[in-house]
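> build me a model from this:
(chains A and B)
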Number of protein chains: 2
Amino acid sequence: MSNSVDFQSWVHARQTRIESTLQSVLPAAEIAPQRLHQAMRYAVLGGGKRVRPLLAFSAGELAQADTGRVAIAGAAVELVHAYSLVHDDLPCMDDDVLRRGKPTCHVEYDEAAALLVGDALQSLAFQLMAEYRLADDAATQLEMVKLLAAAAGSRGMAGGQAIDLEATGKTLSVPELEFMHIHKTGALIRAAVLLGVRCGASMNEKELAQLDHFAKCIGLAFQVVDDVLDAEASTATLGKTAGKDAQRNKPTYVSALGVAQSKSFAEELRQKALRALDGFGERGLRLRQLADFIVLREF
Amino acid sequence: MSNSVDFQSWVHARQTRIESTLQSVLPAAEIAPQRLHQAMRYAVLGGGKRVRPLLAFSAGELAQADTGRVAIAGAAVELVHAYSLVHDDLPCMDDDVLRRGKPTCHVEYDEAAALLVGDALQSLAFQLMAEYRLADDAATQLEMVKLLAAAAGSRGMAGGQAIDLEATGKTLSVPELEFMHIHKTGALIRAAVLLGVRCGASMNEKELAQLDHFAKCIGLAFQVVDDVLDAEASTATLGKTAGKDAQRNKPTYVSALGVAQSKSFAEELRQKALRALDGFGERGLRLRQLADFIVLREF
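The predicted model follows:
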């Protein structure tokens, strides 16, 4: 079996695993309040590449982590990501109607429901992080809860959204763009990698720092590629509205650097990410493959 | 010093303590993203009776808990409460302009900012619960994280909001009202009491069950009194828009039972709550006083 076929089946198996984990941790649609639970399931299930859980799984494999633990930690990260999409699509934010090829949550339900869906998904993420056993000792697990909370909060993802809002209509320098994206997308991607690692065997500081560097590079690369795809791909391919950055006058890597230079920047970040894995040898295989998957994707 | 003067100074000291705890755990307004941090501080500081932290403190005293631990747990509960108010006031929910005597967060800032403020306050609550030492062992603390997450989520407070939304314009029976409020307000009040207890010495199942019963009764009483005040008090006294339940056709205890019967129901719940404390003797003093404070308040 070639490396690429092997990787594709690995991705497929992990996506299936995370989907069934999400299925089982989300409250059933029959449990009261039914409409809220239906809407939560609508917002989370049946879509998305599950990039963050895939990163958690591949980092977990590197750390010989138990797959069941990583599935829960990865699901928690995905719930935080899903809540942020639901809130981000609301009329007072990006006002978007299409997500993962389906009407956005507030279009399918209503704004108030979408607001509560996001709120409840965030709570559920932290409930998972505390309810299941994710590390050998509870003190490590508390650190994992803190890591996710910090990544989601005002100095992480939510802060990145705030910076993004204020930047609309402005021209940002590349360092300013980087500051925005390290928060907006980078924080949660980094959390996915580090949580996957923390589910496994303990690692020395140097190894952790290398993985952290990998996560930072790949998080930024993910966003650069996102900006390129928004400018170049079609709505049908993306499953979300294409071309909306330019339409909304949002500063992006494409607006700052142009398409060609953005692509070489993404490639540069991929190379940096790969170099950060040098010390791990074969154990870094899945993370290397995922780095390629993220930077070379077309959707 | 009479019991009542003593209680007033106890309340004042604890309110001051929780205010300074919230001051210090909220990111400074100078930290980027500044506007988000300013808005978070605006939404949380300088207002509110701090009923939930007061319940945590009084339950903590009963369990000989360290005051510093209870201050953090109480602050976390208050952050969850504050986030729910910010989201609840949004145009797609209750569309309110006045809260704690000031313009609501989305009026003072804007809707997108208020959405992110609520999101980030929730994350911060869980960060506190994981970052500070709140129990002698980390496993107990993880249970406390889970308790708060479950109380905030779709089968707790957020679920109660969803039930409330769907009930607008409908007539609910008293059991249906109770189901709504056990979620909407009861879950977080119960969490405040139980977290205060868990910060302290371990307790046997019977004692925990009694405190849980106390918390359920007082949580419901709080809501019944809220309904009465909404119908009877003025906007100036409440610091939020009065009379809005009737105006919005929301089912309340007043609409289901009338004012007089609602008042006797609240008194009945207060008596039940006090009886649940019988086994604790003098240790239950603060909780008994708080029960009176909650039911007999006029604002």
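> all the helices of the stretch 51-200 of chain A, in order from the start?
If you assign secondary structure with DSSP state H, counting those that start in this stretch, the helices in the stretch 51-200 of chain A sit at A:51-62, A:67-88, A:105-108, A:111-131, A:138-152, A:157-167, A:174-181, A:187-198.
> in stretch A:127-136, what's buried?
Using 16 or more other CB atoms under 10 Å in any protein chain shown as the test for burial, stretch A:127-136 gives A:127, A:128, A:129, A:130, A:131, A:132, A:134, A:135. Where C-beta positions appear, they are placed from N, C-alpha and C, glycine not excepted.
> ditto for stretch A:242-256
Going through stretch A:242-256 with 16+ other CB under 10 Å, the ones that come out buried are A:242, A:244, A:245, A:250, A:251, A:252, A:253, A:254, A:255, A:256.
> show me what the mean pLDDT comes to for it.
Per-residue confidence for stretch A:242-256 averages out to 84 on the pLDDT scale.
> quick one: it to chain centroid distance?
With CA atoms, centre = their mean, to the nearest Å as the basis, the distance from the averaged C-alpha position of stretch A:242-256 to the chain average is 20 Å.
> would you mark the buried spots in the longest helix seen in chain A?
Selection of the longest helix in chain A by residue count, based on DSSP state H, yields helix A:205-232. Neighbour-count burial for helix A:205-232 flags A:210-211, A:213-231 (criterion: 16+ other CB under 10 Å).
> need the residues of the stretch 151-299 of chain A near chain B, please.
Counting by CB under 8 Å from any CB of the partner chain, the residues of the stretch 151-299 of chain A close to chain B are A:152-156, A:158-159, A:161-163, A:165-166, A:179.
> can we see that at 6 Å?
For the stretch 151-299 of chain A, the residues found near chain B under the criterion CB under 6 Å from any CB of the partner chain are A:152, A:153, A:154, A:158, A:159, A:161, A:162, A:163, A:165.
> about what we covered before: right, and the helices of the stretch 51-200 of chain A - which one's nearest residue A:20?
helix A:67-88 (8.5 Å; CB to CB).
> any buried residues in that closest one, and which?
By neighbour count with 16+ other CB under 10 Å, helix A:67-88 contains the buried residues A:69-88.
> near chain B too, which of these?
The subset of the buried residues of helix A:67-88 within reach of chain B, by CB under 6 Å from any CB, is residue A:87.
> per-residue confidence for the most centrally placed residue in chain A?
Of all residues in chain A, the one closest to the mean position by CA atoms, centre = their mean is residue A:52, 4.1 Å from it. Per-residue confidence at residue A:52 stands at 97 (pLDDT).
> the bottom helix or strand of chain A by mean pLDDT?
Lowest on mean pLDDT, DSSP states H and E among the helices and strands of chain A sits helix A:235-238, with a mean of 68.
> got a list of contacts for the helix or strand following it?
Downstream of helix A:235-238, the first helix or strand assigned by DSSP states H and E is helix A:244-247. The set of residues external to helix A:244-247 that reach it, using CB atoms under 6 Å, 6 or more residues apart in numbering or on different chains, is A:230, A:252.
> the same query, at a cut-off of 8 Å, please.
Surrounding helix A:244-247, the residues in contact under the criterion CB atoms under 8 Å, 6 or more residues apart in numbering or on different chains are A:94, A:96, A:227, A:230, A:231, A:250, A:252, A:254, A:255.
> contact partners for the fourth one?
Taking CB under 8 Å, 6+ apart as the criterion, residue A:230 is in contact with A:238, A:242, A:243, A:244, A:245, A:246, A:252, A:254.
> quickly note the distance from the last one to residue B:127.
I take that to be residue A:254. Distance, residue A:254 to residue B:127, using CB to CB, to the nearest Å: 34 Å.
> for the longest helix of chain A, give the mean pLDDT please.
Average pLDDT, helix A:205-232: 94.
> send the alpha carbons of stretch A:149-169 over as CSV?
Coordinates of the C-alpha atoms in stretch A:149-169 are reproduced here as CSV (Å, rounded to 0.1, in the frame of the first residue of the first chain):
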residue,chain,number,x,y,z
ALA,A,149,-10.1,27.3,28.0
ALA,A,150,-7.2,29.7,27.3
ALA,A,151,-7.2,28.7,23.6
ALA,A,152,-10.9,29.4,23.3
GLY,A,153,-11.0,32.6,25.3
SER,A,154,-10.3,36.3,25.0
ARG,A,155,-6.6,35.8,24.6
GLY,A,156,-7.2,33.0,22.1
MET,A,157,-9.9,32.3,19.6
ALA,A,158,-12.6,34.7,20.8
GLY,A,159,-9.9,37.4,21.0
GLY,A,160,-8.9,36.7,17.4
GLN,A,161,-12.5,37.1,16.3
ALA,A,162,-12.6,40.5,18.1
ILE,A,163,-9.4,41.6,16.3
ASP,A,164,-10.9,40.3,13.0
LEU,A,165,-14.0,42.4,13.5
GLU,A,166,-12.0,45.6,14.2
ALA,A,167,-9.8,45.0,11.2
THR,A,168,-12.6,44.8,8.7
GLY,A,169,-12.1,47.6,6.2
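> now do stretch A:137-155, average pLDDT.
Averaging pLDDT along stretch A:137-155 gives 98.
> in the stretch 151-299 of chain A, what residue is nearest chain B?
Each residue of the stretch 151-299 of chain A has a distance to chain B, by CB to the nearest CB, and the smallest belongs to residue A:153, at 3.4 Å.
> these two touch, right, that residue and residue B:123?
Yes. Residue A:153 sits in contact with residue B:123 when judged by CB atoms under 8 Å, with a separation of 3.4 Å.
> those two - which one has more neighbours?
More neighbours sit around residue B:123 than around the other of residue A:153 and residue B:123, counting by other CB atoms under 10 Å in any protein chain shown; the figures are 27 against 24.
> need the contact list for that one.
A:122, A:149, A:150, A:152, A:153, A:154, A:156, A:158.
> repeat for residue A:172
Contacts for residue A:172 were tallied using CB under 8 Å, 6+ apart; they are A:180, A:251, A:256.
> hmm, the first one is touching residue A:167, no?
This points to residue A:180. Yes. Using CB under 8 Å as the test, residue A:180 is close enough to residue A:167 to be in contact (6.2 Å).
> ramachandran coordinates for the nearest residue to residue A:284 once chain neighbours are set aside?
Excluding the flanking residues, the one nearest residue A:284 by CB to CB, 6 or more residues apart in numbering or on different chains is residue A:277, at 3.7 Å. The phi/psi pair for residue A:277 (degrees, to the nearest 10) reads phi -90, psi 0.
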